[in-house]
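J.: how would this look folded up:
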Amino acid sequence: MPSRPRPLPAFLRPVTCDPAPLEGRVVLVTGGAQGIGRGVAQAVLGAGGRVMVGDIDAEAGRACLDEWQVGDAAAFQRLDVGREASVRRFVDAAQRRFGRIDALVNNAGIADPHTGPLESLDLRAWRRRLAVNLDGAFLCAKHALPALRRAPAGGVIVNVASSRALQSEPDTEAYAASKGGLLAFTHALAVSAGPAVRVNAISPGWIATDAWRKPVSRQVPKLSRADHAQHPAGRVGTPLDVGALAVFLLSPQAGFITGENFVVDGGMVRRMQYH
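T.: Just a heads-up that it's a prediction; the model follows:
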């Protein structure tokens, strides 16, 4: 009679994907009421997580809760990431509402990269971009870290940077500097906060967000065949493309990944263009 095969050691068994990898986890998403942030928030909810959305646009935040209809799984708090008092209130509200914080997605930022020629760029405009895009991530991480260090399965921070931290168009110095700084902040904090907290960055490229705005501003993206075709992946991105990667980085499946930057741009950074 043939003997039964010995069971494989656990580390040699096939990996199974958890259908709800963020079950029970509380994720803070800044700038989460529109655009990429909304895509991330929806992806977290779809993965079984709970979401505290922070956004400067209260109308957009209320619209999210009305449209999602997920009950206690989502909450909204008005947030200006450039103001420390506002950040503190946001983090405190999340802890009161959910009793814990497992992850933070620093997505809030000024999206328009163009500020005109550097020699005519006003210092206040330069500082405003750094204050929102870079200082905001610092402030949110600063106030969320104590709770993240207590997260039962370890805390996670995901910073949403930009492919413009790696390549540029003319007259975008302030935006590029803020996003480049965010990448450096990511790997520095990963070293400082580990192993209790993992920290990674996502750098999106062209993501069409027109259909992901609040209802009064929502519209179908006006994209040409050429817009899509210039991407090696064959299309412009959507907020859910970023959301899918964010869920992975927030989940236990990414437990050995920290201090890294992941470019989500349909391959554009890798494409040489001499037009």
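J.: in contact with the closest residue to residue 262 other than its chain neighbours, which residues?
T.: Nearest residue to residue 262, sequence neighbours excluded (CB to CB, 6 or more residues apart in numbering): residue 202, at 5.2 Å. All C-beta atoms are positioned from the backbone trio N, CA, C, and that covers glycine. Contact analysis of residue 202 by CB atoms under 8 Å, 6 or more residues apart in numbering lists 158, 159, 160, 161, 242, 245, 246, 249, 261, 262, 264.
J.: what helix or strand does the fifth one sit in?
T.: Secondary structure from DSSP states H and E places residue 242 in helix 239-250.
J.: returning to that earlier point: highest neighbour count among the contacts of residue 202?
T.: Neighbours were tallied for each of the contacts of residue 202 (criterion: other CB atoms under 10 Å), and the maximum of 33 neighbours falls on residue 246.
J.: return the distance of that residue relative to residue 126.
T.: In this structure, residue 246 and residue 126 are separated by 29 Å, where distance is defined by CB to CB, to the nearest Å.
J.: repeat that for residue 113.
T.: Computed as CB to CB, the residue 113 to residue 126 distance reads 13 Å.
J.: what do you get for residue 254?
T.: 34 Å.
J.: what's the answer for residue 157, then?
T.: For residue 157, the distance to residue 126 equals 25 Å [CB to CB].
J.: so for those two, which sits in the more crowded spot?
T.: When residue 157 and residue 126 are compared on other CB under 10 Å, the one with more neighbours turns out to be residue 157, at 28 against 17.
J.: next, that one: secondary structure please.
T.: Here residue 157 is recorded as strand under DSSP: H, G, I helix; E, B strand; the rest coil.
J.: list the contacts of it.
T.: Shown in contact with residue 157 (CB under 8 Å, 6+ apart): 103-106, 141, 144, 148, 189, 193, 197-200.
J.: show me these that map onto helices.
T.: 141, 144, 148, 189, 193 (DSSP state H).
J.: export those to a markdown table and tack on distance to residue 89 and neighbour count?
T.: Converted to a markdown table, these look like this (distance: CB to CB, whole Å; neighbours: other CB atoms under 10 Å):
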| residue | distance to residue 89 | neighbour count |
| --- | --- | --- |
| 141 | 16 | 21 |
| 144 | 13 | 23 |
| 148 | 18 | 23 |
| 189 | 22 | 22 |
| 193 | 23 | 19 |
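J.: what's the closest of the residues you listed to residue 66?
T.: Among the ones in helices among the contacts of residue 157, residue 144 lies closest to residue 66 (CB to CB), at 26.4 Å.
J.: tell me the pLDDT at that closest one?
T.: pLDDT, the model's per-residue confidence, is 98 for residue 144.
J.: give the bridge partners for the closest residue to it other than its chain neighbours, please.
T.: Nearest in space to residue 144, with sequence neighbours left out and distances taken as CB to CB, 6+ apart, is residue 104 at 4.7 Å. When assigned by DSSP bridges, residue 104 has beta-bridge partners residue 28, residue 157.
J.: tell me, how many residues neighbour residue 104?
T.: 31.
J.: distance of it from residue 193?
T.: Taken as CB to CB, the spacing of residue 104 relative to residue 193 amounts to 11 Å.
J.: make TSV from the contacts of residue 157 and add distance to residue 76 to it.
T.: Formatted as TSV, the contacts of residue 157 follow (distance: CB to CB, whole Å):
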residue	distance to residue 76
103	17
104	16
105	15
106	17
141	21
144	17
148	21
189	26
193	27
197	25
198	26
199	25
200	25
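J.: out of those residues, which is nearest to residue 73?
T.: Minimum distance to residue 73 across those is 14.6 Å, recorded for residue 103 (CB to CB).
J.: that'll do, ta.
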